[in-house]
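build me a model:
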Amino acid sequence: QVQLVESGGGLVQPGGSLRLSCAASGSIFGINDMDWYRQAPGKQRELVATITSSGSTNYADSVKGRFTISRDNAKNTVYLQMNSLKPEDTAVYYCNAEIWTREGATWGTSDYWGQGTQVTVSS
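Predicted coordinates:
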């Protein structure tokens, strides 16, 4: 069984910072891309940032220059440093990872999701 557990959400004032963490655990044989998504009330879930296994990153235009995604491969953990937060960043943030697992002699990858963590930016 593989689990992704997020932490670090909360309430912050506009202009403030938060750091989200997402740790993967279980029978993991490797992790490809790790991503952060978010979903605001009444809106579709959107991709915020991606980091590959080699450390290449990509960001949504709305967060470029303010958010930084990073990962610690030894800890199977991905982070999202969020600076200069705006009210429009308010959402539930989810981590996602493409993880290699094995069942008997069969290897394969599957997408796993965390449970979500609420980020609220408000004065």
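
any chance you could map the strands in the protein?
Using DSSP state E, the strands of the chain run over 2-7, 10-12, 18-26, 30-39, 46-51, 57-59, 67-72, 77-82, 91-103, 106-113, 117-121.

okay, those strands, which one's buried deepest?
Compared across those, strand 77-82 shows the largest average neighbour count, a mean of 23 (mean count of other CB atoms under 10 Å). Where C-beta positions appear, they are placed from N, C-alpha and C, glycine not excepted.

each with direction, which strands does that one pair with?
Paired neighbours of strand 77-82 in the sheet (DSSP bridges): strand 18-26 (antiparallel), strand 67-72 (antiparallel).

can I get those in TSV with distance to residue 52 and mean pLDDT?
Below are the strands paired with strand 77-82 laid out as TSV (distance: least, CB to CB, whole Å; pLDDT from 0 to 100):
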stretch	distance to residue 52	mean pLDDT
strand 18-26	15	97
strand 67-72	9	98
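
now tabulate those in JSON lines and tack on distance to residue 115.
Formatted as JSON lines, the strands paired with strand 77-82 follow (distance: least, CB to CB, whole Å):
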{"stretch": "strand 18-26", "distance to residue 115": "10"}
{"stretch": "strand 67-72", "distance to residue 115": "19"}
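
for those, which one sits closest to residue 55?
In terms of CB to CB, the element of the strands paired with strand 77-82 nearest to residue 55 is strand 67-72, at 7.4 Å.

if we can go back for a sec, so for residue 107, which of the strands paired with strand 77-82 sits nearest?
That would be strand 18-26 among the strands paired with strand 77-82, by CB to CB, at 15.1 Å.
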